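> Provided below for reference: sequence and predicted model.
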Amino acid sequence: MVAKNLRRLRLKSGLSQEELADRAGLNRNYIGMIEREENAPTVDALEQISEALAIDPVVLFQDR
């Protein structure tokens, strides 16, 4: 769920993985791994990603 929402919201914001990673203070490879469901994000990472996307973290867990 988080992976799908993260990718959808990132693309909706017009950001590349690298741009999102820069804004969130994370590694681009880490963002890619989350989107491919190869790595589960930490709570801290979810918070950083949410802030970078200007969304409530709960949105990442919603079924759409």
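Perfect, thanks for sending it. Since the structure is predicted, the reported quantities are computational estimates derived from the model, not experimental observations. Numbering: from 1, shown residues only.
> export stretch 44-57 as CSV, just CAs?
Output of stretch 44-57 as CSV, limited to C-alpha atoms (Å, rounded to 0.1, in the frame of the first residue of the first chain):
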residue,chain,number,x,y,z
ASP,A,44,11.3,8.5,10.4
ALA,A,45,11.6,8.0,6.7
LEU,A,46,7.8,8.1,6.3
GLU,A,47,7.8,11.4,8.2
GLN,A,48,10.6,12.9,6.0
ILE,A,49,8.8,11.7,2.8
SER,A,50,5.5,13.1,4.0
GLU,A,51,7.0,16.4,4.7
ALA,A,52,8.8,16.5,1.3
LEU,A,53,5.4,15.8,-0.4
ALA,A,54,3.5,18.2,1.9
ILE,A,55,1.0,15.5,2.9
ASP,A,56,-0.2,13.9,6.1
PRO,A,57,1.6,10.6,6.6
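> flag every buried residue along it.
For stretch 44-57, burial by neighbour count (16 or more other C-beta atoms under 10 Å) applies to 45, 46, 48, 49, 50, 52, 53. The C-beta positions use only the backbone N, C-alpha and C, and glycine is treated the same way.
> what's the helix or strand for the third one?
Applying DSSP states H and E as the criterion places residue 48 in helix 43-53.
> show me what that helix is packed up against.
helix 2-12, helix 17-24, helix 28-35 (3 or more C-beta pairs under 8 Å, 6 or more residues apart in numbering; DSSP states H and E).
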